[in-house]
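Q: the following comprises the amino acid sequence and a computationally predicted model.
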Amino acid sequence: MRKHMTVALAAMLVAAGCSQDPTGVSSNELVLAQQAQLIAQDVAASSEATHEGWLRRLFAALRDTDDPEAQACLAEARDLREQQLRRESFLKVLCAVIEVFPNAPERTGLAVDQAIVRIETFLGGRDAPRIRRVLAHVKELRADADRALAAGEKVTALALNLRSIQILHRLVEHIRDAHGDHDVVADSEMEAVNY
């Protein structure tokens, strides 16, 4: 019994030490990340810009479209997917999305902007350096998306906005797992969606 108590006490001390580790993520920041992630999901759901649900609805609409340009993009996407070119295939799907829903880049960008504002309001002056770094990165992605949209590159703008949404929807994992490259993680998750 004494041995079990000693082991339990040692485990608690190690856990307490880890939570105070300046290089580790505090449990407070993880709780804040969970709340921030829920805010992002709520904004996306209310604007119908959720990653999984939104894309699935879009893909369903694309399957039923008779738009010839959208059909051509989808045919290319299927060919590229068979060649294991997932990124290129996904971009072709986004090309089809824009043919059917021309304002998709703007709508997704607006959803990301609203999520950022609500998360920053929620955080207020709280200490959350990792969350703030991710938010800064998402803001950079949004600026890149706006530049792409201004240059007429709607597919690129939509891809960047969807990446931003995906990062915010997985904020806890990005914080907890200390992803070195948020973009690669988000893109691989999006490209894995079946269409």
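A: That came through fine. Just so you know, these numbers come straight off a predicted model, no measurement behind them. Numbers count the residues shown, from 1 in each chain.
Q: where does this protein dip in pLDDT?
A: In the predicted model of the chain, residues 1-24, 47-57, 59, 193-195 satisfy pLDDT under 70.
Q: please save the CA atoms from the lengthiest helix in it in CSV.
A: Of all the segments assigned as helix in the chain under DSSP state H, the longest by residue count is helix 129-150. Once non-C-alpha atoms are left out, helix 129-150 reads as follows in CSV (Å, rounded to 0.1, in the frame of the first residue of the first chain):
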residue,chain,number,x,y,z
PRO,A,129,0.8,32.2,-26.3
ARG,A,130,0.4,29.0,-28.3
ILE,A,131,-3.2,29.8,-29.2
ARG,A,132,-2.2,33.4,-30.2
ARG,A,133,0.6,32.0,-32.4
VAL,A,134,-1.9,29.8,-34.2
LEU,A,135,-4.3,32.7,-34.6
ALA,A,136,-1.5,34.8,-36.0
HIS,A,137,-0.8,32.1,-38.5
VAL,A,138,-4.4,31.8,-39.5
LYS,A,139,-4.5,35.6,-40.0
GLU,A,140,-1.5,35.3,-42.3
LEU,A,141,-3.4,32.6,-44.3
ARG,A,142,-6.4,34.9,-44.5
ALA,A,143,-4.3,37.7,-45.8
ASP,A,144,-2.8,35.3,-48.4
ALA,A,145,-6.3,34.2,-49.3
ASP,A,146,-7.4,37.9,-49.8
ARG,A,147,-4.4,38.6,-52.0
ALA,A,148,-5.2,35.5,-54.1
LEU,A,149,-8.8,36.5,-54.4
ALA,A,150,-7.8,40.0,-55.5
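Q: what's the following helix or strand after it?
A: Toward the C-terminal end, the helix or strand that comes next after helix 129-150 (DSSP states H and E) is helix 154-169.
Q: show me the contact partners of the helix or strand following that following helix.
A: Heading C-terminal from helix 154-169, the first helix or strand you meet, by DSSP H and E, is helix 171-176. Helix 171-176 has contacts (C-beta atoms under 8 Å, 6 or more residues apart in numbering) with 25, 29-30, 33-34, 36-37, 40, 130-131, 134, 167, 179, 182, 185. Bear in mind the C-beta positions are built from the backbone N, C-alpha and C, glycine included.
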